[in-house]
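# Could you look at this predicted model? Sequence included:
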Amino acid sequence: MPTYDFPQDLRDAQLALHQTRAAYEQYATTLPWSAAPMPGWESEKQPYTSFRSGKADSPGYTEEQAAEVADFQEKLRRLSALVATHSYRTTLEGGVVDARMALKHVHEAADEAA
């Protein structure tokens, strides 16, 4: 696999994207299953098992939760656009997909070297 000399601002943006995505996913686990208030449900009993899937009533997101989700989504959009449209891409001659995949893992190599 070829090596790339990614500019530091691109490396920083990619790392911030990873960290923001991880923080958002962790935060999302604390939220109700539905953003809007929704009644719960339970499925019919399935043949050959006693399992019934279902969800409890969802109170929906509070205003603070909805604002936090919107903030995360905006940060993710901004960072994704920054990484995807960085001027470094124009210096690549072919292998853009390989370079993008290498960028996604460049922080792992830096962690191992430290």
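Happy to help now that I have it. Predicted, not measured: the structure shown is a model, and the values here were computed from it. Residues are numbered from 1 along each chain as shown.

# V96: how many residues sit nearby?
10 (other C-beta atoms under 10 Å). C-beta here means a position set from N, CA and C on the backbone, and glycine is covered the same way.

# helices and strands of this structure: which one has the lowest mean pLDDT?
Taking mean pLDDT, DSSP states H and E as the measure, the chain has helix 96-113 as its least confident helix or strand, at a mean of 82.

# So what touches it?
Here helix 96-113 makes contact (C-beta atoms under 8 Å, 6 or more residues apart in numbering) with 1-4, 6, 10-11, 14-15, 18, 83, 89, 92.

# and stretch 31-40, C-alpha only, in PDB?
Taking Å, rounded to 0.1, in the frame of the first residue of the first chain, the C-alpha atoms of stretch 31-40 are listed here in PDB:
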ATOM      1  CA  LEU A  31     -31.600   8.900  24.000                       C
ATOM      2  CA  PRO A  32     -35.100   7.600  23.800                       C
ATOM      3  CA  TRP A  33     -35.700   5.300  20.800                       C
ATOM      4  CA  SER A  34     -37.800   7.900  19.000                       C
ATOM      5  CA  ALA A  35     -37.200  11.700  18.600                       C
ATOM      6  CA  ALA A  36     -40.900  12.400  18.800                       C
ATOM      7  CA  PRO A  37     -43.200  11.000  21.500                       C
ATOM      8  CA  MET A  38     -44.400   7.600  20.200                       C
ATOM      9  CA  PRO A  39     -46.400   4.800  21.800                       C
ATOM     10  CA  GLY A  40     -44.700   1.500  22.500                       C
END
